[in-house]
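Participant: Below: sequence and its predicted model.
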Amino acid sequence: SQQGEEDPQALSIQEGENATMNCSYKTSINNLQWYRQNSGRGLVHLILIRSNEREKHSGRLRVTLDTSKKSSSLLITASRAADTASYFCATDLNDYKLSFGAGTTVTVRA
Amino acid sequence: NAGVTQTPKFQVLKTGQSMTLQCAQDMNHNSMYWYRQDPGMGLRLIYYSASEGTTDKGEVPNGYNVSRLNKREFSLRLESAAPSQTSVYFCASSDPSRVVTEQYFGPGTRLTVT
């Protein structure tokens, strides 16, 4: 069964606004990763946060991790049309495998 | 440096036909993976190969077989295709010896079984 669940399932925002999506998971993790998938393409790794980290930044991306609540959030600031994609969280259980959630579909309107 | 390549990009099969999906990576990664992606379900792991010479079942292995041909190539075979196997299939690779264990994905194979 899948470890992670993203919320919301879909999100529509205006260009320039921020987009926030959340991921909840069930068991202890080694790290949590976020991936982006543009329509019809493979997934691309965005950012990784380790279990002993609380917040991480990469360009316009900000990820938080709360291991006590078993949850993570991904914030995309100042969104652009090119940010239109599906976003997936993936938990690394330290056994070569990742467990992916069902994803959040983000639409950025011009 | 092509990363992860998959062939074919699209395939239509009739129920009961067989086919092999090919995957190759040029990043010298030890681990390779096959996933299927269905609407609203994210990615589910079919099989993986932690290193050359080893393969293991993932979450949804029934109806599939795999071969880790060498370090570069990892193929997925459907022996007798069923409509339930209509999906988009992704191959991925990673190098778990590194500190950051991100996976690199191929472009996918869109398979329809009629």
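Facilitator: That came through fine. Numbering: from 1, shown residues only, chains lettered A, B, ... in the order given.

Participant: so where's chain A uncertain?
Facilitator: Counting by pLDDT under 70, chain A contains low-confidence residues at A:1-2, A:94-95.

Participant: Contacts only, for the spatially most central residue of chain B.
Facilitator: Centroid-nearest residue in chain B: residue B:34, 2.7 Å away (criterion: Cα atoms, centre = their mean). Residues in contact with residue B:34 (Cβ atoms under 8 Å, 6 or more residues apart in numbering or on different chains) are B:21, B:23, B:45-48, B:58, B:64, B:66, B:74, B:76, B:89-91. Quick note: C-beta positions are derived from backbone N, CA and C, even for glycine.

Participant: hmm, try it at 10 Å
Facilitator: The contact partners of residue B:34, by Cβ atoms under 10 Å, 6 or more residues apart in numbering or on different chains, come to B:6, B:21, B:23, B:44-49, B:55, B:58, B:60-61, B:64, B:66, B:74-76, B:89-92, B:106.

Participant: restrict the residues you listed to contacts with chain A.
Facilitator: Restricting the contacts of residue B:34 to those near chain A by Cβ under 10 Å from any Cβ of the partner chain leaves B:6, B:44, B:45, B:48, B:49, B:58, B:90, B:91, B:92, B:106.

Participant: Determine how far stretch A:84-100 lies from the middle of the whole chain.
Facilitator: 9 Å (Cα atoms, centre = their mean, to the nearest Å).

Participant: Just the C-alphas of that stretch, formatted as PDB.
Facilitator: Presented in PDB, the C-alpha positions along stretch A:84-100 are these (Å, rounded to 0.1, in the frame of the first residue of the first chain):
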ATOM      1  CA  THR A  84       1.800  23.600 -14.000                       C
ATOM      2  CA  ALA A  85       2.400  19.900 -13.200                       C
ATOM      3  CA  SER A  86       1.700  17.100 -10.800                       C
ATOM      4  CA  TYR A  87       3.700  17.000  -7.600                       C
ATOM      5  CA  PHE A  88       4.400  13.800  -5.700                       C
ATOM      6  CA  CYS A  89       5.900  13.100  -2.300                       C
ATOM      7  CA  ALA A  90       7.900  10.000  -1.900                       C
ATOM      8  CA  THR A  91       9.100   8.400   1.300                       C
ATOM      9  CA  ASP A  92      12.400   6.700   1.600                       C
ATOM     10  CA  LEU A  93      12.300   3.800   4.000                       C
ATOM     11  CA  ASN A  94      16.000   3.100   3.600                       C
ATOM     12  CA  ASP A  95      15.600  -0.200   1.700                       C
ATOM     13  CA  TYR A  96      16.400   0.900  -1.800                       C
ATOM     14  CA  LYS A  97      12.700   1.700  -2.500                       C
ATOM     15  CA  LEU A  98      10.600   4.800  -2.500                       C
ATOM     16  CA  SER A  99       6.800   4.900  -1.800                       C
ATOM     17  CA  PHE A 100       5.000   7.500  -3.800                       C
END
